[in-house]
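Participant: prediction below, plus the sequence it came from.
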Amino acid sequence: MPSLPELAHRTLFRTLSLLSPKGQGVILRRYFDWWHRTPDPWKLASDGYEQHKYRSTLEHLPERPYRRIAEVGCAEGVFTHALTTAYPDAEITGMDISERALSRARARVKEDERVRFVRSDILTHRVEPRFDLVFCSETLYYLGRHDRLQHASAQLGGLLEPDGVLVAVHPWPESDRLHGYLDAQGSLKRLDERVYKDSPRPFAITIYGARPS
Ligand SMILES: C[S@@+](CC[C@H](N)C(=O)[O-])C[C@H]1O[C@@H](n2cnc3c(N)ncnc32)[C@H](O)[C@@H]1O
């Protein structure tokens with residue numbers, strides 16, 4: 001059962017998703033700019049649970065020489081920073097709806113020809129299938145209702161080049177519902193899932209491969 005604060009949180013974001021996608025994007029952007037008024041509001045850089053989740057995510061990836069990596073909902077770039085170390089030869093793009101989060105990410109990880117941060121709303125982003133590894137962690141539950149999750153899932157699948165890998169990480173058991181939208185994408189095939197039920201806040205790491213079209 002979700003806790004009361006979690007229920008209130010999900011209801012707020014479901015209500016926002018009654019707006020048009022553009023209107024929802026405007027409010028989400030303002031909300032997350034406000035939320036990031038203080039640095040690292042979720043303590044992603046210092047919390048042991050978050051660090052454990054990042055390490056577990058990296059451990060479960062299919063071993064491949066990834067060349068173009070995207071993190072959707074990268075916030076202040078804490079995991080993006082881990083990616084630059086884990087994949088020193090890859091081109092890495094962090095995407096987020098909040099410009100304030102991105103400016104902190106740019107302070108944490110210097111942009112250069114291989115690392116860049118882009119303001120983008122996954123619901124309205126013009127997707128190009130150019131990444132061989134895409135992460136979406138702790139972000140889908142902000143998107144609200146059914147049709148928005150369906151659309152976001154199609155957009156995530158659309159970021160992958162043929163044979164690319166998508167990794168979704170969300171609290172379990174809510175992940176069953178959220179990742180169910182990815183399962184329903186004809187362009188994606190579920191490859192693996194690890195559920196960490198003993199963690200103080202259980203979570204699932206679900207890995208998808210792009211199906212050849
Ligand atoms: C809880 S943080 C997740 C941070 C990171 N993925 C992690 O797991 O450490 C969620 C992020 O999603 C971003 N976000 C929310 N809705 C979004 C959308 N529609 N498109 C892109 N980013 C979005 C927020 O601005 C926020 O920085």
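Facilitator: Right, received. Where do you want to start?

Participant: for the nearest residue to residue 104 once chain neighbours are set aside, report the pLDDT, please.
Facilitator: Distances taken as CB to CB, 6 or more residues apart in numbering place residue 76 nearest to residue 104, at 4.1 Å, with adjacent residues excluded. Backbone N, C-alpha and C define where each C-beta goes, glycine included. Listed pLDDT for residue 76 reads 98.

Participant: and residue 76, what does it touch?
Facilitator: Residues near residue 76 by CB atoms under 8 Å, 6 or more residues apart in numbering: 36, 39-40, 44-45, 101, 104-105, 108.

Participant: make sure it is indeed in a strand.
Facilitator: No. Counting by DSSP: H, G, I helix; E, B strand; the rest coil, residue 76 is not part of a strand but coil.

Participant: so which elements touch the helix-or-strand element of the chain with minimal mean pLDDT?
Facilitator: Ranked by mean pLDDT, DSSP states H and E, the weakest helix or strand in the chain is helix 4-16, scoring a mean of 91. Applying 3 or more CB pairs under 8 Å, 6 or more residues apart in numbering; DSSP states H and E, one finds that helix 4-16 contacts helix 21-35.

Participant: contact partners of the helix it packs on?
Facilitator: 16-17, 19, 41, 96-101, 121, 123-124, 142, 144, 148, 151.

Participant: give the next helix or strand downstream of it.
Facilitator: The helix or strand immediately downstream of helix 21-35 is helix 48-59, counting by DSSP states H and E.

Participant: and the helix or strand just after that following helix, which strands flank it?
Facilitator: Proceeding N to C from helix 48-59, the next assigned helix or strand is strand 68-72, under DSSP H and E. With DSSP bridges as the test, strand 68-72 is paired with strand 91-96 (parallel), strand 131-137 (parallel).

Participant: quick one: which of those is nearest the ligand?
Facilitator: strand 131-137 (3.5 Å; CB to the nearest ligand atom).

Participant: can I get the closest one in PDB, CA atoms only?
Facilitator: Only the C-alpha atoms of strand 131-137 are listed here, as PDB (Å, rounded to 0.1, in the frame of the first residue of the first chain):
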ATOM      1  CA  PHE A 131      20.800   6.300 -28.100                       C
ATOM      2  CA  ASP A 132      22.100   2.800 -27.400                       C
ATOM      3  CA  LEU A 133      21.400   3.200 -23.600                       C
ATOM      4  CA  VAL A 134      18.600   5.200 -22.000                       C
ATOM      5  CA  PHE A 135      17.800   5.500 -18.300                       C
ATOM      6  CA  CYS A 136      14.600   6.700 -16.800                       C
ATOM      7  CA  SER A 137      14.600   6.600 -13.000                       C
END
